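Undergrad: one predicted model, sequence on top.
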Amino acid sequence: MTRGLAAGLLLLLGLLIAAPTGAAGRPVARTIDEMVAQLRTDPVLVQPVMGTGDAHVAHDMLAGLAERVDAPVYVVLGALPAELDGAEHPAEQAAALLRQELGDGLYIIKFDEGIDYARGFGKAASLDLNLGYRAIRAAEEEGPEEYNRTTAVFDAAALLRAAAEPGQPISDRTLRKLMDEPWAFIATESNEHADQVARRWVYAIAAGLAVAIAGLTLSRVAVGAPMAARRAPDHSPGAPEPPDLADTERVLDQAQHRFDALSAAQLGSASAHSADEALRAARTVVGSRKDLDVVGARVLALIAGRELDRIDKPSLAAYRPCVVNPLHGEASETIQLSGTALDAPVCRACARQPGDFLRARTWRGSRPYLDTDTVWASTGFGALVDDLASQVLQCQGGRG
Ligand SMILES: [Zn+2]
């Protein structure tokens with residue numbers, strides 16, 4: 001079922017992404033004030049720039065990466081603002097002017113080709129972008145032509161990736177994948193195949209960010225949210241309550257005590273092995289204190305508890321949480337997600353009337369958890385897969 005589900009999500013993803021995003025492009029910001037206004041509602045500003053294909057797709061990819069950086073991020077890839085025409089170091093000046101209005105954060109700015117300016121202020125000052133620059137240099141050295149220049153979109157993606165995962169070098173494989181993107185290098189001749197580029201973009205994004213976007217797609221289909229909704233930060237008053245860490249630790253300790261009391265014979269069973277794995281996975285995430293991790297630790301503790309039950313009662317079903325919100329408890333029914341052939345496990349209440357998806361708090365507001373780049377989104381907290389614990393342990397072992 002897992003493989004079928006993944007294939008279904010990817011197919012759906014292709015369809016949704018291939019469809020026009022609908023939103024008409026915003027007017028091109030021509031002054032610093034216009035840039036400030038646009039950045040206040042959306043911190044990634046990508047204006048149609050040569051050699052980058054579809055600015056919407058570039059925007060969404062960079063916004064997805066920016067979301068993963070643990071600090072405010074402002075990206076401007078666009079036209080030189082009128083007031084800085086003829087100025088020395090216009091990108092640096094623009095950053096200073098934008099920062100006066102928008103405050104501290106990581107500023108990545110480009111007005112022509114390449115990145116003109118990238119620097120963090122405040123909390124973002126400690127972000128090390130060197131691994132991003134190293135990836136850009138490697139791409140230019142190893143690109144397909146004798147002389148290669150990466151595009152601003154490539155550079156911004158590499159820098160954001162470095163900022164999102166501090167100290168984690170971009171692997172050769174990831175770099176190769178980025179270099180294969182149609183938007184990686186500045187075209188040597190003018191590109192008259194915009195449609196073709198856009199199609200390749202779709203493929204590239206689908207391959208590169210499949211997991212994150214698959215989660216996003218699922219959440220959008222299930223809640224029927226309009227495509228444009230994810231561009232706008234959520235400032236709705238219904239901000240999610242932080243999960244109860246103390247209670248989660250209590251549930252986890254309970255399961256651990258039961259595990260510790262197992263006899264040698266019981267320890268040899270497959271269910272005991274699964275319980276052990278779930279407990280170890282729960283311990284690795286509960287310490288992070290992130291909201292979704294705390295919820296995930298609770299689900300893993302409940303999975304462990306069920307596996308301990310299954311040692312003596314193997315006919316019991318493994319624990320699956322409600323995919324809409326794991327805090328609803330165990331799924332007892334399934335619903336077909338609208339417009340798809342996917343059956344997703346839900347609690348009884350959600351089977352009658354699907355509730356709101358669990359939301360994750362971010363510095364920019366809150367969003368449905370399926371719309372985050374986490375193992376929780378790609379697994380539905382174990383509702384959509386059979387091996388949540390091992391996926392969590394793998395993630396903790398090193399994300400690349
Ligand atoms: Zn529910």
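TA: Received, thanks.

Undergrad: flag the shaky bits of this structure, pLDDT-wise.
TA: Within the chain, the ranges that satisfy pLDDT under 70 run 1-26, 48-54, 112-115, 187-242, 336-342, 362-365, 397-400.

Undergrad: okay, which residue is most central for it?
TA: Central residue of the chain (C-alpha atoms, centre = their mean): residue 373, 2.5 Å from the mean position.

Undergrad: surely that one and residue 68 touch.
TA: Yes: judged on C-beta atoms under 8 Å, residue 373 makes contact with residue 68 at a distance of 5.7 Å. Heads up, the C-betas are built off the backbone N, CA and C, glycines and all.

Undergrad: can you pull the residues of the protein lying near the ion?
TA: Where the chain comes near the ion, counting by C-beta under 5 Å from the ion, the residues are 322, 324, 328, 347, 350.

Undergrad: all the helices of the stretch 251-400 of the chain, in order from the start?
TA: 264-267, 270-286, 291-312, 348-352, 375-379, 388-397 (DSSP state H, counting those that start in this stretch).

Undergrad: any chance of the ones you listed in CSV, plus mean neighbour count?
TA: Listed next are the helices of the stretch 251-400 of the chain as CSV, based on neighbours: other C-beta atoms under 10 Å:
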stretch, mean neighbour count
helix 264-267, 11
helix 270-286, 21
helix 291-312, 23
helix 348-352, 16
helix 375-379, 24
helix 388-397, 18
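
Undergrad: how about these in a markdown table, adding distance to residue 152?
TA: Listed next are the helices of the stretch 251-400 of the chain as a markdown table, based on distance: least, C-beta to C-beta, whole Å:
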| stretch | distance to residue 152 |
| --- | --- |
| helix 264-267 | 57 |
| helix 270-286 | 36 |
| helix 291-312 | 32 |
| helix 348-352 | 44 |
| helix 375-379 | 28 |
| helix 388-397 | 31 |
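
Undergrad: please identify which of these is closest to residue 47.
TA: Among the helices of the stretch 251-400 of the chain, helix 375-379 comes nearest to residue 47, with 29.6 Å by C-beta to C-beta.

Undergrad: what's the end-to-end length of stretch 346-358?
TA: 13 Å (C-alpha to C-alpha, to the nearest Å).

Undergrad: now do stretch 326-346
TA: 9 Å.

Undergrad: and the residue lying closest to residue 289 once chain neighbours are set aside, what does it touch?
TA: Of all residues not flanking residue 289 in the chain, residue 245 sits nearest, at 7.1 Å (C-beta to C-beta, 6 or more residues apart in numbering). Taking C-beta atoms under 8 Å, 6 or more residues apart in numbering, we find residue 245 in contact with 286, 289, 294.

Undergrad: save those residues as TSV, and put in distance to residue 316 too.
TA: Listed next are those as TSV, based on distance: C-beta to C-beta, whole Å:
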residue	distance to residue 316
286	25
289	32
294	26
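
Undergrad: closest one to the ion out of these, please.
TA: Minimum distance to the ion across the contacts of residue 245 is 18.1 Å, recorded for residue 294 (C-beta to the ion).

Undergrad: excluding its backbone neighbours, what's nearest the closest one?
TA: residue 243 (4.5 Å).

Undergrad: that neighbour: how many residues sit nearby?
TA: 19 (other C-beta atoms under 10 Å).
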